[in-house]
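Asks: After the sequence you'll find the predicted model.
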Amino acid sequence: MILGVDDDKLNLLLLGEVLAEAGYELLEADSIDAALLLENDPRIRLLLFDNNLNPGTGSELLATIRAREIARGGARRPAMVVTGDAETSQQQALLADGFDQFVGKPYSASHLLSTIRLLIDG
């Protein structure tokens, strides 16, 4: 299962369709608060966030989840960011914030899925 967080419901719908066609289940959250209510589900194998969440950012959400993982003594789940902020400096900043992979919008389904497979399956 993949926890997908985006404040744009259309983006979540499209993401869900791409993932379902590839055999993945999406647990949807349209806000940071909603994501924080769902993030401790043990079935989640990947965190996939937009960075521009209103209010807040995917980086802030990831930092909170990482702190919770440590407090619970749980495993660190892989995280990727999917965002329209495609400048190299922004990509580097997001990776420095703890995301394992970056995918720019708009993305192709094949690129998104290959990145997901890399993070989930190694």
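Replies: Great, that's in hand.
Asks: distance between the ends of stretch 35-46?
Replies: Stretch 35-46 stretches 13 Å from its first residue to its last (Cα to Cα, to the nearest Å).
Asks: List the buried residues for that stretch?
Replies: Ala35, Glu39, Ile44, Arg45, Leu46 (16 or more other Cβ atoms under 10 Å). Glycine gets a C-beta too; all of them are placed from N, C-alpha and C.
Asks: any residues touching that stretch, and which ones?
Replies: With contact meaning Cβ atoms under 8 Å, 6 or more residues apart in numbering, stretch 35-46 is reached by 1-3, 5, 25, 27, 29, 47, 49, 61, 64-65, 68, 72, 74, 77-80, 116, 119-120.
Asks: Now do the least confident helix or strand in the chain by mean pLDDT: everything it contacts.
Replies: Least confident helix or strand, the chain: helix 88-96 with a mean of 90, by mean pLDDT, DSSP states H and E. The list of residues contacting helix 88-96 from outside it, by Cβ under 8 Å, 6+ apart, reads Asn51, Gly58, Ser59, Val81, Thr83, Asp85, Phe102, Gly104.
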